[in-house]
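Q: what follows is a predicted structure for the sequence shown.
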Amino acid sequence: MPTIELNGHTYAVDEDGFLEDPMLWNEQVAADLATTEGIANMTEDQWKLVNYLRHYYLEFGIAPMVRKLCKENGFKLNQVYEMFPSGPAKGACKVAGLPKPTGCV
Amino acid sequence: MSDERRPTPKLDDLEKGPWPSFVREMKRAAEGSAMADQLLGVLELSYGDRVGHWKHGGVVGVRGYGAGVIGRYSDVPEQFPEVAQFHTMRVNHPAGWFYKTDALRKVCDIWEKHGSGLTNLHGATGDIILLGMKTESLEPVFAELTENGFDLGGSGSVVRTPSCCVGPARCEWACFDTLALTYDLTQHYQDEIHRPSLPYKFKIKASGCPNDCVAAIARADLSIIGTWRDAIDVDQEAVGTYAADGLDVRATVCDRCPSKCMAWDGTSLDIDNSACVRCMHCINVMPKALRPGLERGACILIGGKAPIVSGAMLSSVLVPFMKLEPPYTELKELIGKILELWGDEGKNRERVGEFIQRVGLGSFLEAIGLEPMPEMVKHPRENPYVFYEEYFEEEK
């Protein structure tokens, strides 16, 4: 199993850099994972999105649909891509410590 | 690259016979590409083990886009390190697949430099498929493709790269400019093509006439098929010439007309255009004598798909006739309403055709603001024990 070292912390991740155990997540983990997306300091909006994803995942056990994510947070889809250039699935979900979305996304 | 040829007894079987063989092509590519060579090894192993050695899925992409790359990882990376990552990239094809050879050479040069060198022209959606690349090559390939005027196509739950038949570029039957429409829709739906936000894929295909050369009716969620609403244009003299040259017009044309809407008395072809179903048979048999009418446009159909979650479906009529001229406002408004409704209400991995089956055509039409029309009926009902709402109202 691959591991990744970020800011002196070591994490077990899959080949796309997603946490192997979604429960081993906290804000420090999010900040560390964000560096793999080229984000040195998370903005308020980025935290808003990450926290939304985290809460949704803990409540429902899955990631929300992209349209729902945009509507409930008042972001347009291209704004989400500006915040997380690799997109809501690969970028934001990874930082929020969610398991990798399945299927041919 | 191996100095000796990799033994591939099972794959070699697929080279026997007079037809083209993907194994032969892969072996040719393997002469210059270590990835292609190891791909042969993985495939040979798979045939022996009777199991695919690719893991499902993987989330890879280029910055700013959520689609266009399909991630592939091998589950035997130690054995075949060159193909441990073997992602696929989709490249948006030009409408009607018209390329200059130097454009194709450029794509191949980029691909031989960064990827496996293996390509698939074209995928079911129509894109150029570049098979097999490492994660580190994603951004360089994307950058070089865009420098040369190419862009990525759609993958996953997006509006897929629209495609069309060659249309008026090479075909006299085109009832609208399929190439212009496809280019326009591709530009208009850039956001929807590159950034997934739908329940599942949404394919748009346009055929210039009912011959439907891109099989839009079977392969697209939204099928746009050229048609005409006036009479078939008949040149009686030319029909006579066909007959004089030995064509049995009655047997070959009239008797094979699915709606039996035409008759030939030896001197003139009489067509009842109100009964014509626009099947193109007569026009295909006598192209010098018959042509589609002059009031040309397209029929818009919805719901076609190949069998993945549920069975295969053909698209059925949504708008019997629509004029298709730039800027295609009516069509875009219709697509917009469909995407909005299905995007919000569709279940994950539910194609729009399945969505319509689930909610019912009546509810679907009401939600997108279309009046029901007889043309939307696929076939007469078979169950007589169905009562219409008006009957109940009469009883009250």
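A: In hand now; what should we look at?
Q: give me every residue in the stretch 51-200 of chain B lying close to chain A.
A: Contact residues of the stretch 51-200 of chain B with respect to chain A, defined by Cβ under 8 Å from any Cβ of the partner chain, are listed as B:56-61, B:63-67, B:70-71, B:73, B:85, B:155-157, B:191, B:195-199. Placement of C-beta: from N, CA and C, glycine included.
Q: from those, which land in helices?
A: Helix and strand membership here follows DSSP state H; of these, those in helices are B:Asp191.
Q: quick one: the helices in chain A?
A: In chain A, the helices defined using DSSP H lie at A:27-35, A:44-60, A:66-73, A:77-83, A:87, A:93-95.
Q: I'd like those helices as TSV, with mean neighbour count appended.
A: As requested, the helices of chain A are exported to TSV (neighbours: other Cβ atoms under 10 Å in any protein chain shown):
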stretch	mean neighbour count
helix A:27-35	18
helix A:44-60	16
helix A:66-73	17
helix A:77-83	18
helix A:87	27
helix A:93-95	28
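Q: select, out of the ones you listed, the one closest to chain B.
A: Distances from chain B to each of the helices of chain A were compared using Cβ to the nearest Cβ; the shortest belongs to helix A:87, at 3.7 Å.
Q: which other residues reach that closest one?
A: Defining contact as Cβ atoms under 8 Å, 6 or more residues apart in numbering or on different chains, one finds that helix A:87 is touched by A:Val80, A:Tyr81, B:Gly61, B:Tyr65, B:Gly66, B:Arg195, B:Pro196.
Q: what about 6 Å?
A: Applying Cβ atoms under 6 Å, 6 or more residues apart in numbering or on different chains, the external contacts of helix A:87 come out as A:Tyr81, B:Gly66.
Q: same check, this time on stretch B:210-217
A: Outside stretch B:210-217, the residues touching it (Cβ under 6 Å, 6+ apart) are B:Cys165, B:Lys205, B:Ser207, B:Ser223, B:Ile225, B:Arg278, B:Met280, B:Gly304, B:Leu314, B:Ser315.
Q: the first one against B:Ala206, yeah?
A: No: here B:Cys165 lies out of contact with B:Ala206, judged by Cβ atoms under 6 Å, at a distance of 7.2 Å.
Q: for the two, indicate the residue with more neighbours.
A: In terms of neighbours (other Cβ atoms under 10 Å in any protein chain shown), B:Ala206 is the more surrounded of B:Cys165 and B:Ala206; the figures are 33 against 29.
Q: where does chain A dip in pLDDT?
A: Low-confidence segments of chain A, defined by pLDDT under 70, span residues A:1, A:102-105.
Q: mind redoing it with 50?
A: Applying pLDDT under 50 to chain A flags residues A:103-105.
Q: for B:Gly32, the count of nearby residues, please.
A: Residue neighbour count, defined by other Cβ under 10 Å, stands at 11 for B:Gly32.
Q: find the nearest non-adjacent residue to it, please.
A: B:Gly117 (6.6 Å; Cβ to Cβ, 6 or more residues apart in numbering or on different chains).
Q: so how far is B:Arg256 from that neighbour?
A: Taking Cβ to Cβ, to the nearest Å as the measure, B:Gly117 falls 48 Å from B:Arg256.
Q: with B:Pro326 instead?
A: In terms of Cβ to Cβ, B:Pro326 sits 37 Å off from B:Arg256.
Q: so those two - more neighbours on which side?
A: Here B:Pro326 and B:Arg256 are set side by side on neighbour count (other Cβ under 10 Å), and the busier one is B:Arg256, at 13 against 9.
Q: how about that one, secondary structure?
A: Secondary structure of B:Arg256, reduced to three states by DSSP: H, G, I helix; E, B strand; the rest coil: coil.
Q: next, the contact list for the residue in the stretch 201-350 of chain B that chain A sits nearest to, please.
A: When distances are taken as Cβ to the nearest Cβ, the stretch 201-350 of chain B reaches nearest to chain A at B:Gly343, 5.5 Å away. B:Gly343 makes contact with A:Arg67, B:Leu198 under the criterion Cβ under 6 Å, 6+ apart.
Q: the bottom helix or strand of chain B by mean pLDDT?
A: One helix or strand of chain B scores below all others by mean pLDDT, DSSP states H and E: helix B:389-395, with a mean of 59.
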